[in-house]
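>>> Sequence first, then the predicted structure, then my questions.
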Amino acid sequence: MDDTAPSRLITGIGELTTQDPELGTSHAAALVIEGDRIAWIGPASSAPAADASLDVHGRAVLPGWVDSHTHLVFAGDRSAEFAERMAGRPYAAGGIMTTVAATRAASEAELRAGARRLRAEAAAGGTTTIEAKTGYGLDVETEARLARVGAEVADVVTFLGAHLVPPGLDRREYLDLVTGPMLAAVAPHVHFVDVFCEAGAFDVDESREVLLAGRAAGLALTVHGNQLGESGGVRLAVELGAASVDHVNHLSAADVDALAGSGTVATILPGADLSTREALAPARLLADAGVALAIASNCNPGTSYTTSMQFCVATAVLQHRLSLEEALAAATTGGARALGLDRGPDAVGTLRVGGPADLQLLDAPSVAHIPYRPGVPLTIATWRRGVLERSPRLAPPLE
Ligand code: NIG
């Protein structure tokens, strides 16, 4: 198919998952892309003519993933720390400083190249919208560099100067830096403010201070909470009306109740749950309580070095016991809601006429193959805003 043609018909879709409440899932379907938008969706038998067309021979098409939590911009490697953890050493927030040292030593060009490589890897796996956090600089100059690079490679950028107090610095002085000059330096490039509200990082009062400073600077709020224990991060996120609270491994009944009555999305991070050997986030309990969920990769060198949303969705089904429908929603519309990208004509996470042409093609007849074939990279083409980000390597037609 000529991907530069003004209109492009994708036909022969065996299963079309739209995540749109009205369109639902259909079979023997087709869609037309014009520019960066979806112009038509319907039965393949009544598809309109287009300037170019691609028959996908019964394969499945679904929305691109919305990965609402990553730390894409960093340098260095922590495979030795990972190996120690697999040998029984518990995860501790302090490992962040290993990445901070490597990141401070890297040039902006090196950071850009690394982040672009990960962004391309994510796109090849079906991700069409991605968030990226700062947080491996922890000084004004490096945090500003990470925010600039983040704005180049990601759709949404989050300021995470409150990732850790660098050893040797006075806590009060560091908080003043984060909420003052560091925030001012990153503000032109970022949309959200985040805080690592955990033992070994920031307590609830410190976290509140960081979040309120970010809000005063015009940023939306998100919180890393309740990953390593009942940190109070969930309750703080709900109290302040944060868009999301991420990790949520350790929850009291009151935390679940607070989330259920709130507009805050609980984001589960299956890659981190496995790589830290932390108790799995109680996704089934949260879903049953009516809590809005997102699933994200948390791509970072310490606790979840994966860009694969397909792996995270499969794990959420296999290990966290979400249904496939719940997991797909969490990785598309749930992520969109966590990022505030779920409304208006540019809302992401669904396939609908007039909406962004953000979609992926699986080398499989149905989305059921995502958890059924764990670890197999099923995405063979990704269109982001109508642009094919990876050439289809289409196998012979499915029998
Ligand atoms: O989400 N706030 C936590 N940040 C990462 C871990 C960072 C690291 O260990 O490098 C997380 O798990």
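On my side now, so go ahead. Numbering: from 1, shown residues only.
>>> Could you tell me which residues of the protein lie near the ligand?
95, 96, 99, 163, 196, 224, 272, 298, 300, 302, 303 (CB under 6 Å from any ligand atom). Any C-beta I mention is one placed from the backbone N, CA and C, and that applies to glycine too.
>>> cutoff 5 Å now
Counting by CB under 5 Å from any ligand atom, the chain comes close to the ligand at 95, 96, 196, 224, 272, 298, 300, 302, 303.
>>> Now render those as TSV, adding pLDDT, neighbour count and secondary structure.
Putting the residues of the chain next to the ligand into TSV (pLDDT from 0 to 100; neighbours: other CB atoms under 10 Å; DSSP: H, G, I helix; E, B strand; the rest coil) gives the following:
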residue	pLDDT	neighbour count	secondary structure
95	89	18	helix
96	94	24	helix
196	97	25	strand
224	98	32	strand
272	98	27	helix
298	98	29	coil
300	98	25	strand
302	97	25	coil
303	96	26	coil
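>>> By proximity to the ligand, which residue of the stretch 151-300 of the chain wins?
residue 196 (3.8 Å; CB to the nearest ligand atom).
>>> Run through the residues that contact that residue.
93, 135, 160, 162, 163, 164, 202, 224 (CB atoms under 8 Å, 6 or more residues apart in numbering).
>>> contacting residues around the third one?
This points to residue 160. Residue 160 makes contact with 71, 133, 134, 135, 193, 194, 195, 196, according to CB under 8 Å, 6+ apart.
>>> Please name the nearest non-neighbouring residue to it.
Excluding the flanking residues, the one nearest residue 160 by CB to CB, 6 or more residues apart in numbering is residue 135, at 3.2 Å.
>>> Please enumerate residues in contact with the helix or strand hosting residue 120?
Assigned by DSSP states H and E, residue 120 belongs to helix 108-124. With CB under 8 Å, 6+ apart as the test, helix 108-124 has contacts from 65, 67, 70, 72-75, 103, 106, 130, 132, 145-146, 148-150, 152-154, 297, 299, 307, 309, 377, 379, 382, 384, 389-390.
>>> rerun at 7 Å
67, 72-73, 75, 130, 145-146, 149, 152-153, 299, 307, 379, 382, 384, 389-390 (CB atoms under 7 Å, 6 or more residues apart in numbering).
>>> Filter the contacts of residue 160 down to just the ones in helices.
Among these, no member falls in helices (DSSP state H).
>>> biggest separation within the residues you listed, which pair?
With CB to CB as the measure, no two of these lie farther apart than 71 and 193, at 14.8 Å.
>>> Could you pull up the mean pLDDT of stretch 369-377?
Mean pLDDT, stretch 369-377: 97.
>>> ditto for stretch 248-268
pLDDT averaged over stretch 248-268 gives 97.
>>> can I have that stretch written out in CSV, keeping just the CAs?
Extracted C-alpha coordinates of stretch 248-268, given in CSV (Å, rounded to 0.1, in the frame of the first residue of the first chain):
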residue,chain,number,x,y,z
VAL,A,248,-1.1,0.7,43.9
ASN,A,249,0.4,-2.6,45.1
HIS,A,250,-0.5,-2.2,48.7
LEU,A,251,-4.0,-1.0,49.4
SER,A,252,-6.2,-0.9,52.5
ALA,A,253,-9.9,-1.3,52.2
ALA,A,254,-10.2,2.5,52.8
ASP,A,255,-7.8,3.1,49.8
VAL,A,256,-10.0,1.1,47.5
ASP,A,257,-13.1,2.9,48.7
ALA,A,258,-11.4,6.2,48.2
LEU,A,259,-10.4,5.4,44.7
ALA,A,260,-13.8,3.9,43.8
GLY,A,261,-15.6,7.2,44.7
SER,A,262,-13.1,9.4,42.9
GLY,A,263,-12.1,10.5,39.4
THR,A,264,-8.5,9.3,39.9
VAL,A,265,-7.4,6.4,37.7
ALA,A,266,-5.4,3.6,39.3
THR,A,267,-2.6,2.6,37.0
ILE,A,268,-1.2,-0.8,37.3
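>>> Please report how far the residue sitting nearest the centre point of the chain lies from residue 304.
Residue closest to the average C-alpha location in the chain (CA atoms, centre = their mean): residue 67, at 1.9 Å. From residue 67 across to residue 304, the span is 11 Å (CB to CB, to the nearest Å).
>>> where do the contact lists of these two overlap?
What both residue 67 and residue 304 touch, as defined by CB under 7 Å, 6+ apart, is the set residue 297.
>>> so what's the residue of the stretch 1-150 of the chain found nearest the ligand closest to, chain neighbours aside?
Nearest to the ligand in the stretch 1-150 of the chain, going by CB to the nearest ligand atom, is residue 96, at a distance of 4.4 Å. Counting by CB to CB, 6+ apart, residue 96 lies nearest to residue 164, which is 4.9 Å off, once chain neighbours are set aside.
>>> Just give me the neighbour total for the one you found.
Other residues lying near residue 164 total 23 when counted by other CB atoms under 10 Å.
>>> what does residue 46 give?
Residue 46, neighbours per other CB under 10 Å, totals 8.
>>> Can you show me the strands along the stretch 1-150 of the chain?
Secondary structure of the stretch 1-150 of the chain (DSSP state E, counting those that start in this stretch): strands located at 7-17, 25-34, 37-43, 52-55, 60-63, 65-67, 127-133.
>>> next one: the fourth one to chain centre, how far?
Right, strand 52-55. Chain-centre distance of strand 52-55: 30 Å, with CA atoms, centre = their mean, to the nearest Å.
>>> okay, the strands of the stretch 1-150 of the chain, which one's buried deepest?
strand 65-67 (a mean of 32; mean count of other CB atoms under 10 Å).
>>> In this structure, which residue sits nearest the ligand?
residue 302 (2.5 Å).
>>> What sits closest to residue 214 if chain neighbours are left out?
Nearest residue to residue 214 in three dimensions, chain neighbours excluded: residue 193, at 2.6 Å (CB to CB, 6+ apart).
>>> check contacts around the residue nearest to residue 160.
71, 160, 161, 163.
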